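Visitor: With the sequence up front, the predicted model follows.
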Amino acid sequence: MLISRNWLQRHIEQKLPKAEVIAESLLLHSFEIEGIEEKNGDSVIDIDVLPNRAHDCLGHQGIAREYAAVTGNSFIPMTYQYPDGITFDTESSFPVKILNKKACLRYSARLIQNINITDSPEWLAESLNTLGQKSINSVVDATNFVLFDIGQPTHVFDTDKIVGGITVRNAEEGEKVFLLSSDEEYVLSSTDLVIADDEGVLALAGIKGGTKAEVTRETKNILLEVANFDSVTVRKTARRLKLFTDASKRYENGISSLYVEKGMEALSMLVSDIHKLKNLGAVTDIYPNKETEREIECSLSDIQNLLGLKITEKEVLDIFDRLAFVYSLDKKSFRVKIPLERKDLIIKEDLIEEVGRLYGYHNIPVQGLEDYSFEPELHQLSFVENELKNLLIHAGYTELKSYSFVNKGEVELYNPLASDKKALRKNLLSLNEEALEKNLHYLDFFGADILRTFEIGRVYTKEGEYTECLVAVKNKDKQANKKYGAETVQLESLITQIEEKFKVSLSARIEKGNFLVFRLNDILTSSKEYGSTFDDTSYSESSYYHHVSAYPFSVRDVSFWSPNTEIGADKYEKIIKGTDVHYLKKIFLFDQFEKEGRVSYAFSLVFQSDEKTLSDDDINNDMNLIIQKLEQLGAEIR
């Protein structure tokens, strides 16, 4: 939000300091400051107004009110006035109907006749130019000035181009409209709210006006529109059509309907004063569901305890006065009426935060923790989970993490992130089956002949949620079966280890011959301390992370007789790695034996590129270089 220092001065009775001082005051108490720029002899402060204060601070008056509260200066709310001698017609109200009263919270309109639209006065054009806004004409500029001053969007129609009256309704499915400053014709949905006459759409409510009733230099009769629209309706339409305007930004954050009355009064004053009008039409104001002020009650002890501050009653009341809150005090309890524009203040903690903010968090003394003592209670589920992880990792298992969101499950999401993530997982099995199959393809890459994995995670069923543990084992081939035993035998052995470790009788099941499944609650203990639970690591201090190539790998084997028994497998591995090849990633010894005074070695060589898929020629070139190197050392390739 760009704020002009000169514009801000209109709303502060005392002389303002330099922009840097203003920015520092706001930074310490209210908003982050993005920067300060000198422009047209003025200082423009870029203030980051977050959504919680967008209700009341997306305008110069809101920032001025905040600055006055922070500094104790006097706030000037209204800087507009009617020209002398103006009269008001109480009979000529313009016909307005609201068909969707949930989406249109309040709608106000005023007819002005016989106006002469010209260039804006210099002060108005310069004020808008300072904020990067182009001056258009005396009426349109007036609407923009009210927008950036009060934070209330307004609009003006050419009354002579309106057929019948104004109707606020939902668009018909497929209805089309041309909007201002655009050559594109927008196709509307039945969820979009529009301002229409008897012939069609005049404006997209809360976002932008249409070309049908556009105000030009030739316009003689205008209709002022000041309204409030439902934030969700505006936000959905703006995002669907990719139309983000200064108006939509304010409406989608939600503003008070109180601003409609303020905005109409301000716009009427500004337009009539600029054009020296003699008469204004009556205001049509439809306000179906009036807002009511909230009241929050809190005590002085509530404030002191939450802030950790011995603030006095006098200091609290001073802050309430600076915020212009209406309050009463009864037996140390404050009853505060919250202004309608402060939609961010809902509960007593919000009110206490206001006290802390205005007092200044930087003014709250730092308290040491020397006398603070706390004995944390051991979290049994966390303890057991980490002890189980340690056991599995030491047994050669690798932890997996799968998504909690799945396509189908017993518990569905109200607002899914994607079409294939509509539910919460009901077990770990299906996702780990997929992971097991994918990881089997990488056994050669890691020189492994068995895959052991596990996952511990929450699962969600109709009966409730709980933590499940799944362990998976898959042998590569028959040789691995002979070496490690069948998968079920390995899992049964693991059950015994877990039962001995946690001194429980484990209620577990083996699924599909490869998966062990049980609930973490089945192995809960009554341990009193964590001990060395978190001391174990599955990596060394010198380990470092590097990414895995997205391109496929290829495995080639090389077997040879060594002429020299003094050159061992480790040295041959270093020799092969030191060969001037491009794509060798890994090397594994998989066979070694002696015969007739010679030693035979067999290595698996893994080739892979980080930049492309390797061709046979790429791999053959590297293999030839490795074979040549071995032959130079006297090796006999088998």
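Guide: Alright, I've got the coordinates.
Visitor: Can you list the low-confidence ranges for the stretch 451-600 of the chain?
Guide: Residue ranges of the stretch 451-600 of the chain with pLDDT under 70: 526, 528, 530, 538.
Visitor: so where do the helices sit in it?
Guide: Counting by DSSP state H, counting those that start in this stretch, the segments of the stretch 451-600 of the chain that form helices are 478-484, 487-502, 569-577.
Visitor: those strands in the stretch 501-638 of the chain, which residues are they?
Guide: 509-511, 515-519, 554-562, 584-595, 598-607, 636-637 (DSSP state E, counting those that start in this stretch).
Visitor: Including distance to residue 57 and mean neighbour count, could the ones you listed go into JSON lines?
Guide: All C-beta spots, glycine's among them, are computed from the backbone N, C-alpha and C. Converted to JSON lines, the strands of the stretch 501-638 of the chain look like this (distance: least, CB to CB, whole Å; neighbours: other CB atoms under 10 Å):
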{"stretch": "strand 509-511", "distance to residue 57": "58", "mean neighbour count": "13"}
{"stretch": "strand 515-519", "distance to residue 57": "51", "mean neighbour count": "19"}
{"stretch": "strand 554-562", "distance to residue 57": "62", "mean neighbour count": "17"}
{"stretch": "strand 584-595", "distance to residue 57": "57", "mean neighbour count": "14"}
{"stretch": "strand 598-607", "distance to residue 57": "61", "mean neighbour count": "18"}
{"stretch": "strand 636-637", "distance to residue 57": "79", "mean neighbour count": "12"}
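Visitor: Between those strands, which one is closest to residue 96.
Guide: For residue 96, the closest of the strands of the stretch 501-638 of the chain is strand 515-519, at 63.5 Å, according to CB to CB.
Visitor: Listing partners with orientation, what would you give for that closest one?
Guide: Looking at strand 515-519 with DSSP bridges, its paired strands and their directions are strand 464-475 (antiparallel), strand 509-511 (antiparallel).
Visitor: what angle sits between that strand and helix 487-502?
Guide: 30 degrees (axes from the mean of the first three to the mean of the last three CA atoms, to 10 degrees).
Visitor: How about residues contacting strand 515-519?
Guide: Taking contacts as CB atoms under 8 Å, 6 or more residues apart in numbering, the residues outside strand 515-519 that touch it are 427-429, 432-433, 466-472, 491, 494-495, 506-511.
Visitor: One more pass at 10 Å, please.
Guide: 427-429, 432-433, 436, 453-454, 459, 466-474, 487-488, 490-492, 494-495, 498, 506-511 (CB atoms under 10 Å, 6 or more residues apart in numbering).
Visitor: got it, and stretch 558-567?
Guide: 568-569, 571-572, 575-576, 587, 590-592, 594-605, 623, 626-627, 630-631, 633-638.
Visitor: tell me the mean pLDDT for stretch 58-67?
Guide: Taken as a whole, stretch 58-67 has an average pLDDT of 96.
Visitor: if you go through the stretch 151-300 of the chain in chain order, where are the helices?
Guide: Going by DSSP H, counting those that start in this stretch, the stretch 151-300 of the chain shows helices at 231-241, 246-253, 258-275, 300-307.
Visitor: Figure out which of these is closest to residue 32.
Guide: In terms of CB to CB, the element of the helices of the stretch 151-300 of the chain nearest to residue 32 is helix 246-253, at 16.7 Å.
Visitor: now the angle from the closest one to helix 258-275?
Guide: 160 degrees.
Visitor: can you give me the angle helix 246-253 makes with helix 231-241?
Guide: Using the same axes, to 10 degrees, helix 246-253 lies at 130 degrees relative to helix 231-241.
Visitor: Quick one: list the elements packing against helix 246-253.
Guide: Packed against helix 246-253 by the contact rule (3 or more CB pairs under 10 Å, 6 or more residues apart in numbering; DSSP states H and E) you find helix 138-150, strand 208-209, strand 222-229, helix 231-241.
Visitor: How far away from the center of its chain is that helix?
Guide: 18 Å (CA atoms, centre = their mean, to the nearest Å).
Visitor: residues of it that come out buried?
Guide: Buried positions in helix 246-253, judged by neighbour count with 16 or more other CB atoms under 10 Å: 247-253.
Visitor: with these in mind, which one is nearest to residue 111?
Guide: Nearest member of the buried residues of helix 246-253 to residue 111, counting by CB to CB, is residue 247, at 21.7 Å.
Visitor: and the residue lying closest to the closest one once chain neighbours are set aside, how many residues sit next to it?
Guide: Once flanking residues are discounted, residue 247 sits nearest to residue 153: 3.7 Å by CB to CB, 6 or more residues apart in numbering. Using other CB atoms under 10 Å, residue 153 is surrounded by 27 other residues.
Visitor: Just the element for residue 44, please.
Guide: According to DSSP states H and E, residue 44 maps onto strand 42-48.
Visitor: Tell me what angle the helix or strand following that strand forms with helix 138-150.
Guide: On the C-terminal side of strand 42-48, the closest following helix or strand by DSSP H and E is helix 60-71. Angle, helix 60-71 to helix 138-150, by the same axes, to 10 degrees: 20 degrees.
Visitor: for helix 60-71, packing partners?
Guide: strand 2-4, helix 5-9, helix 19-29, strand 42-48, helix 138-150, helix 258-275, helix 313-322, helix 348-359.
Visitor: rerun that using 6 Å as the cut-off
Guide: With contacts defined as 3 or more CB pairs under 6 Å, 6 or more residues apart in numbering; DSSP states H and E, helix 60-71 has these neighbours: helix 5-9, helix 19-29, helix 138-150.
Visitor: C-alpha coordinates for it, CSV please?
Guide: Extracted C-alpha coordinates of helix 60-71, given in CSV (Å, rounded to 0.1, in the frame of the first residue of the first chain):
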residue,chain,number,x,y,z
HIS,A,60,-4.8,7.0,4.0
GLN,A,61,-7.4,7.5,6.7
GLY,A,62,-6.8,4.0,8.1
ILE,A,63,-3.0,4.6,8.2
ALA,A,64,-3.4,8.1,9.6
ARG,A,65,-5.8,6.7,12.3
GLU,A,66,-3.1,4.0,13.2
TYR,A,67,-0.3,6.6,13.2
ALA,A,68,-2.3,8.9,15.5
ALA,A,69,-2.9,6.0,17.9
VAL,A,70,0.7,5.1,17.9
THR,A,71,2.1,8.6,18.4
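Visitor: which residues sit against it?
Guide: 3, 7-8, 11-12, 25, 29-30, 56-57, 75, 149-151, 322-323 (CB atoms under 6 Å, 6 or more residues apart in numbering).
Visitor: what bits of the protein have low per-residue confidence?
Guide: Residues of the chain that meet the cut-off, pLDDT under 70, sit at 526, 528, 530, 538.
Visitor: how about 80 then?
Guide: For the chain, the stretches with pLDDT under 80 are 92, 332, 367-377, 525-541, 543-546, 564-566, 596-597.
Visitor: so which of the helices of the stretch 451-600 of the chain comes closest to residue 372?
Guide: Short answer: helix 487-502, nearest of those by CB to CB, at 34.6 Å.
Visitor: got the buried residues for the closest one?
Guide: 487, 490-491, 494-495, 498, 502.
Visitor: can you redo those as CSV with distance to residue 617?
Guide: Output for those, formatted as CSV (distance: CB to CB, whole Å):
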residue, distance to residue 617
487, 40
490, 42
491, 45
494, 46
495, 51
498, 51
502, 56
